Structures are given as C-alpha cells and as structure tokens.
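Participant: build the 3D model from these lines:
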Amino acid sequence: MKILLINPPFERLKKVFNPYFPLGLGYVAAVLADDGHFVKIYNADNGEEIKDFTAPHNLRIRMSGQDNLIKAINTPGHYVWIEIKKLLQDFEPDIVGIQAMSSTFPSVQVVSKVCKEYNSKCPVIVGGIHATIQPERVIADPNIDFVVVGEGEITMLELVKSIRIGNNFFHDIDGIYYKDNGTIKQTKKRDFIPDLDDILFPARNLVINPHLYNNNEFGSVIFGRGCPFNCTFCNSNSLWSRNVRSRSPENMVSEIKLLKNQYGIKTIAFQDDTLTFNQKRLFNLCSLLIKENLKVNWTSFSRVEIINQENLSLMKRSGAIALTFGVESGSERMLKLMNKKISLDQVLNARNLLGKNGIDFACTVLVGTPDETKEDLKQTISFLKKLKPDSVGVCTYTPYPGSQMYDRAVELGLVSSEIDYLKYSHFSNYNNFSKDISLEDFEKLRSELVAIADRLNNRLDIAYLKNKLKQFRRDPIFFVKKMPYYIKNLSKRIRYSHSTFK
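Facilitator: All right, here's what the predicted structure looks like:
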C-alpha cells in the first residue's frame, strides 16, 4: 500500500526557522517499508521559505509568532494547506498517518480535513502523545478514522495490514480507537516493546524533499524510552511510563556509524528525556563511543544532581559538547511544587563543572505555572542573571493533559478540560495560567526574562562567526562561494537580535 506519514506544520506557520527530522515517523516508516509498503515521510513543518524566517533562539520574535499560527489555521487558502493538497494529489496515498502533540492538534485537524477533501475514503490515522493522552477527543474529529495509543510501530503495522486485506477485525488490534458505523470503540492497551534493539533504525531516507535539511538535522537519535522522574508539569510518563527501556550501547553506536557514513553527520542530538540518569548506562555508551573513535560530537538532556567531574570527563572524551538542563525556576519553592527534586546550589555546581570541562551549559526555565507568584518569577530573573548559561529557553507554562499540573489548573478553574490549543504553546504570548499574577504584571516580568535570555542567546551569533572563520581556513574557495548566504544569514540574526532591545 502507498502510505504517507505527515508531520503537521507548526513552527512553519508561526514563521520560525526550526528545521528537524520527525524521528517518531521515521520509526513507523521503517517498519512499514520493511513489510513491503511504499512509504514516504512528509514533514509539512519544513519548506523552501523557512530559511528566511526567525532563528528560534530569538525568543521575543518567536513568541509573537502565535498570531501567525492562528491566522494560518483559520485561512483555508493558506499556501501550506495548498501544498499539502497538491502533494496528496501527486502521491495518491492509500493511507495517511499524522503525528499529534497537544500544541499541534489544531494543525492536525486541518491536515485531516485536507486529506478527506482529497479522498473521503482514504483512512486517516493519528498517533503521538496527544492521541495517547486524549484519544476520545481526537477520534471525535469527523475527519479522523483511527487513533493509535502508545508506541506506534507494531500497532501501525497491524492496523495497515487489517485495512489492506479489508477484514475490519480492528477489535483484535491492541492500542487503537476506531469508528464502527459511527460508534467509537477502543481496544485493550498494547504492551510496550520489551527490547528496543528489535526496532529498526528510523527511515530517514524516506523523507520527502531531503534537500531542505542539512545533514546534522538527521542526527537526532533516542537511546531509551521513558523517564524515571515525575515532574508535575510534564506528561511524558503518560506515553512512555517511568520505566526506562534502553537500547544496547552496541545498537546505538551502530546507528551513529550509519548516520556518519550515510549523511556525514558530525553532531548527534540525543532526544531522550534524560540520557544521563543511569550512570552505568552512560558509562557503557561513552566508553564504546571512545573505543570506536567515531569523532562525532553529541548533545543531550541531563539533570544537575547527577553531574560530577568523573562523568563529565568521560562525556567530554566521548564527544559531548553541550548538555541541556531543566532548571525551570530560580525559586526553591517552585522547584518543590514542580517535584523537580533539585536545588539551586546543584544547578550552580553543575554550571561550574561544565564550564571547567569545556561543555556548554544550556537550560530551560518555565514560567506562568498555576501557583507561581511575582516573587517566584523575580527570583527566576535574578537567578538567571547569576547563572549565565551558554543558552537558555524561556518556556511559558502550557497545561498538557496527563500531567499533575494540568489537573491542578483545571481544579483552580484556570483552564477548561476541553482547552483549545490554537492559542497555547510554550512560546505563545497568550499563555498565562497563574492564579496569583495579573496579566499585566506577568507580561512585564516575562518580557524582562525574555530580554535577558535573548541577550545570552545572542552569543550564538558570535559562535556562528567563529565557525564560519574555521570553514574559511579549511576551504577558502567553498567559503567564498557561500559568502552571500552567510552574510544574509548573519544580517538576519543581527537584525532580530538588535530589535529585541529597542
């Protein structure tokens, strides 16, 4: 069968430059293609025009993009919807699969409608974390036929087989919601895949328009699924659970070798919730990377309380160049309410150790949570000035179903259980779910925090210049050929950076 897997447009509709390969669809595509189906991955969040959009590290400009998203969702003739319709007509899929997060669900609904306008009989399947957490709401959409709950590889394989042979024995397939003559039905929960080494590597070669990516954008990988922690704002455990299943280091390094040989990738980005939580697993992976001498850099998410000189030294030798930490707040009170199980002293200690070892310290902070006060937010601003991370993302709290903080927000009447995600995302100006901070005060304090973050992130432009100078030394002729693009890109970065402080 001809199957089109779609990553819905989101950042592209906000006019933010943030190209990436949809890793989850890559895994699903691999198992379907291996079963003999003709599969393509269409990342509708990437396009020719995004090279002229805002760089994602400029937070003030990025946050203003929510209005662009809202306008695009409500414009049937928007060029991205037209592009999707044309691709459907050219590809003529028998089945369409779409991945959904909570913030992208309004876009998923439009894509589903476009699919049905192309062919009303073409089955539309939606999976991903939002489909897993709110399957009843997703399947209620008239343009969505099936919802895949939880891990999608085996479920999609069985569902596609049943659709292909036309037996309609959907009740035998674990982990789905479906419609039977207008009646919504669900099957029993599917067990997790016990051995992740059994899963095929993501089929990056099946992406449509590969020329839109630079090679390192294919370098995202996952070493394990699950997170042992239980932060109150996060819903990751609703998808993966707190039991972490890991691939073997040998399996992981085999994929890295493939990426280096096939794509020339120089930097690997581990997308695990917390790659470094298990010290034995980390030691085995880093040791194998050193032994294989692959000469690739890597980045990952981590936690401050596990950082010490011994593991940092090992990570550095294996290629680590940056670690990202969920600092979240400069208020000890808020860290306890978030169940972060870290202290500000641990954050400062980790920052100091990474600096000594030549590894960049990146972090995120989360503002606008239900129980945050003005004093908490002011403490975060003061702490960020003291911390001086190499880069920082300021996320505004978004109530995600499946998290404890979402239940708290509903309990306080701050959100409806049927929240409309058209307005809300981590970088939306519309987010404010604090019961104790007025909208005026929140916007003022958040703007101050974002200005500090943008000032810190502007140093990325200096790093960009240094990198280009290194390229010039290595290959002056190539550099001269690319000079007009470099000048345009740097000019855009500087323009956006300076506009932050006007």
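Participant: need the nearest residue in space to Tyr20, chain neighbours excluded.
Facilitator: Glu217 (5.9 Å; C-beta to C-beta, 6 or more residues apart in numbering). To be clear about C-beta, it is placed using only N, CA and C from the backbone, and glycine gets the same treatment.
Participant: ok, which stretches of the stretch 301-450 of the chain are strands?
Facilitator: Assigned by DSSP state E, counting those that start in this stretch, the stretch 301-450 of the chain shows strands spanning 320-328, 360-367, 391-396.
Participant: need those in TSV (columns: mean neighbour count, mean pLDDT and distance to Val148).
Facilitator: As requested, these are arranged in TSV below (neighbours: other C-beta atoms under 10 Å; pLDDT from 0 to 100; distance: least, C-beta to C-beta, whole Å):
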stretch	mean neighbour count	mean pLDDT	distance to Val148
strand 320-328	23	96	28
strand 360-367	22	95	29
strand 391-396	22	92	27
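Participant: who wins for proximity to Lys435 among those strands?
Facilitator: Of all the strands of the stretch 301-450 of the chain, it is strand 360-367 that lies closest to Lys435, at 14.0 Å by C-beta to C-beta.
Participant: which residues does that closest one contact?
Facilitator: Applying C-beta atoms under 8 Å, 6 or more residues apart in numbering, the external contacts of strand 360-367 come out as 233, 321-330, 338, 347, 350-351, 354-355, 377, 380, 384, 387, 389-397, 442, 445-446, 449.
Participant: and the angle from it to strand 320-328?
Facilitator: Between strand 360-367 and strand 320-328, the angle comes out at 20 degrees (axes from the mean of the first three to the mean of the last three C-alpha atoms, to 10 degrees).
Participant: now do the domain split for this structure, please.
Facilitator: 2-186, 215-451, 462-499 (automatic domain parsing).
Participant: now do the same contact list for the residue nearest to Tyr20.
Facilitator: Contact analysis of Glu217 by C-beta under 8 Å, 6+ apart lists Pro19, Tyr20, Phe21.
Participant: what sits against the last one?
Facilitator: Residues in contact with Phe21, defined by C-beta under 8 Å, 6+ apart, are Asn43, Pro202, Arg204, Val207, Tyr213, Glu217, Phe218, Ser220.
Participant: turn the residues you listed into CSV, columns for secondary structure and distance to Trp298.
Facilitator: Output for the contacts of Phe21, formatted as CSV (DSSP: H, G, I helix; E, B strand; the rest coil; distance: C-beta to C-beta, whole Å):
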residue, secondary structure, distance to Trp298
Asn43, strand, 23
Pro202, coil, 17
Arg204, helix, 17
Val207, strand, 22
Tyr213, coil, 19
Glu217, helix, 15
Phe218, helix, 14
Ser220, strand, 11
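Participant: out of those, who's nearest Ala29?
Facilitator: Nearest to Ala29 among the contacts of Phe21: Pro202, at 7.4 Å, using C-beta to C-beta.
Participant: how deep is the closest one tucked in, by neighbour count?
Facilitator: 25 (other C-beta atoms under 10 Å).
Participant: in the stretch 1-150 of the chain, where is pLDDT below threshold?
Facilitator: Applying pLDDT under 70 to the stretch 1-150 of the chain picks out residues 56-57.
Participant: please enumerate the strands of it.
Facilitator: Secondary structure of the stretch 1-150 of the chain (DSSP E, counting those that start in this stretch): strands at 2-7, 38-43, 95-99, 124-127, 146-148.
Participant: kindly reformat those as a markdown table containing mean neighbour count.
Facilitator: Listed next are the strands of the stretch 1-150 of the chain as a markdown table, based on neighbours: other C-beta atoms under 10 Å:
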| stretch | mean neighbour count |
| --- | --- |
| strand 2-7 | 25 |
| strand 38-43 | 22 |
| strand 95-99 | 26 |
| strand 124-127 | 27 |
| strand 146-148 | 27 |
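Participant: and these as TSV, adding distance to Leu414?
Facilitator: Putting the strands of the stretch 1-150 of the chain into TSV (distance: least, C-beta to C-beta, whole Å) gives the following:
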stretch	distance to Leu414
strand 2-7	30
strand 38-43	34
strand 95-99	28
strand 124-127	27
strand 146-148	27
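Participant: does Lys2 touch Phe38 like I think?
Facilitator: Yes. Lys2 is in contact with Phe38 according to C-beta atoms under 8 Å; the separation is 4.8 Å.
Participant: tell me the contacts of Gln271?
Facilitator: Contacts here follow C-beta under 8 Å, 6+ apart; on that basis Gln271 touches Leu23, Ser220, Val221, Ile222, Phe301.
Participant: which of those residues fall within helices?
Facilitator: In this view, those that belong to helices under DSSP state H are Leu23.
Participant: Glu250: which of the contacts of Gln271 is nearest?
Facilitator: Checking the contacts of Gln271 against Glu250 with C-beta to C-beta, the nearest one is Val221 at 14.0 Å.
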